[in-house]
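> all I have is the shape, not the residue letters:
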C-alpha cells in the first residue's frame, strides 16, 4: 500500500418536490452553527455561480458541511483549522466541540418523524475491512453524526462500488443510482452523507390549470414549460433596490421556500448581493397579498466536484500529502482523494411527482397582479434558522 492512503467523501442529496424540515429547538447549542452554515451556503453558491454563469445550480450546503464536519473529527493542526474555517466556523468564536454538539442537535431535530413530511438525513462510513480506524473516531462519528460503519472490501472495486451504490439507492428511494464509479483499490474509507425528503404543498396547485407556456432562458432562447398557476394569498415582497420579486411558499409541516425572480437583466445583480443580510431583509419584509402566481413545473439536479470548489474556498491541505488526519487512524498517511456532491429536486403541482390532486379556489372576478416565473430565478429552501438547499433555475427543461 502506498504511503498516502485515500479517503473519499460523497455527499448525496435527494429532495423530492420540495425541502421539508422541522423547526429547530431554540437552544444555544443549535444556534451556534446557524450563522456559520449560512456563511458556507452563500460562499459555496457564489463559487458555483461564478463558474457556471448560464447553468442551473442546485445543492445542499447541509449535506456538504455535515460530511466535512464529521471528517474534522479526525483532523488536527492546520488541516482542522482550514476545514472548520472553510465551513464557516472560526475557532476564536466557536470551539470544535461546540460545532460537533450543534450538528448532533441539528441532526436529531431533522430526523424527528412527522406524519406530513418524510425526511431522513444521515452519514455512513464504508471502511476497508482490513484497515482499522481509531475507536474514538468511530465512537464520536456515531455520537455526533449518527454515522453507521460498514466493512468494505476495497480491493475488489466492483464489489465495493456495488455495496456503496446499493446503499445510496436504498436511502434515496431509488432516485440516485451509480453515484460511485471510479473507486481505487488504495481507498480505505468512503463517507456518504444523504438527505431524502418528500413534502407536500399546504395549498397545492390544480393540475387542470397547468398549461404550456414560454420560458425565456436568455434573450435568444425560449423553451416551452408546463406552467403551474394559482390565484391565492401569498407572502410576497418586491425589492426595489435589487429589482427582484420574492415569493414565500409553504409546505405541510414547517417547511418553506423563497422563490426569487429578478427583473429582466438583473440576475447577476441579485446574485452578487445575495447574503445573510439580504435573505433576512426579504424574510422580514414579506407581506400577504392576493396575486396570480405562475411557477413552472420543473426538475433540478446538480453534480459537483466538492474537492475543487472547497480548494478555491481555502480548504486545501486535507486534499494534499500534508493532510493531518491522524485522528482517524493514528497515522499521518491519509488524505481526501475525492469529494463529490449530488443533488436532485422535483417541483410538482402537489409537491410530489407521482400523485394527483384537484383543488378549487373561489374568488371574485377582480383581476389580481401576476407574478410569472418565466425567466431565470433563484430558489432557497429554509426554516426559521437554517439554509438547507439553494438553487438557480436558468433552464427548467434541462435537468
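Yes, it's here. Worth saying up front: this structure is predicted, and the values here are computed from it rather than measured.

> could you double-check that residue 255 sits in contact with residue 389?
No. Using CB atoms under 8 Å, residue 255 is not in contact with residue 389, being 10.4 Å away. Where C-beta positions appear, they are placed from N, C-alpha and C, glycine not excepted.

> for the protein, which helix is longest?
Longest helix in the chain, counting residues (DSSP state H): helix 34-51.

> now do the helices in the chain.
Going by DSSP H, the chain shows helices at 28-31, 34-51, 61-72, 77-86, 96-110, 135-145, 157-171, 267-273, 276-285, 306-312, 326-329.

> kindly present those helices as TSV, with separate columns for mean pLDDT, mean neighbour count and distance to residue 187.
What follows is these, written out as TSV (pLDDT from 0 to 100; neighbours: other CB atoms under 10 Å; distance: least, CB to CB, whole Å):
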stretch	mean pLDDT	mean neighbour count	distance to residue 187
helix 28-31	67	15	34
helix 34-51	94	19	25
helix 61-72	91	25	14
helix 77-86	96	19	19
helix 96-110	91	19	25
helix 135-145	94	17	17
helix 157-171	87	16	8
helix 267-273	96	17	36
helix 276-285	93	14	37
helix 306-312	91	18	14
helix 326-329	91	20	13
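
> out of those helices, which gets nearest to residue 379?
helix 34-51 (11.3 Å; CB to CB).

> what helices or strands is that closest one leaning on?
Judged by 3 or more CB pairs under 8 Å, 6 or more residues apart in numbering; DSSP states H and E, the packing partners of helix 34-51 are strand 57-59, helix 61-72, helix 276-285, helix 306-312, strand 387-393.

> got the angle between the last one and helix 276-285?
What that stands for is strand 387-393. 90 degrees (axes from the mean of the first three to the mean of the last three CA atoms, to 10 degrees).

> what mean pLDDT would you report for strand 387-393?
Across strand 387-393, the average pLDDT comes to 89.

> partner strands of that strand, parallel or antiparallel?
strand 57-59 (antiparallel), strand 377-382 (antiparallel) (DSSP bridges).

> for stretch 219-230, which outside residues touch it?
203, 205-206, 209-217, 292-298, 349, 361, 372, 374, 395-397 (CB atoms under 8 Å, 6 or more residues apart in numbering).

> tell me the mean pLDDT over that stretch?
On average, stretch 219-230 scores 95.

> what residues sit buried inside that stretch?
225, 226, 227, 228, 229, 230 (16 or more other CB atoms under 10 Å).

> with stretch 389-399 instead?
389, 390, 391, 392, 393, 394, 395, 396.

> residue 85: which of those residues is nearest?
Nearest to residue 85 among those, with distances taken as CB to CB, is residue 390, at 20.6 Å.

> so the closest one versus residue 343, what's the distance?
10 Å (CB to CB, to the nearest Å).

> swap in residue 254?
21 Å.

> ok, now residue 249?
19 Å.

> who has more neighbours, those two?
More crowded of residue 249 and residue 343, by other CB atoms under 10 Å: residue 343, with 25 against 21.

> tell me the spacing between that one and residue 370.
For residue 343 relative to residue 370 (CB to CB), the value is 30 Å.

> do the same with residue 222
19 Å.

> got it, and residue 37?
35 Å.

> what does residue 390 give?
Using CB to CB, one gets 26 Å for the distance from residue 390 to residue 370.

> look up how far residue 63 lies from residue 326.
For residue 326, the distance to residue 63 - CB to CB - is 26 Å.

> meant to ask about residue 278, not that
Where residue 63 is concerned, residue 278 sits at a distance of 23 Å (CB to CB).

> for residue 203, same thing?
28 Å.

> do residue 29 as well
Computed as CB to CB, the residue 29 to residue 63 distance reads 21 Å.
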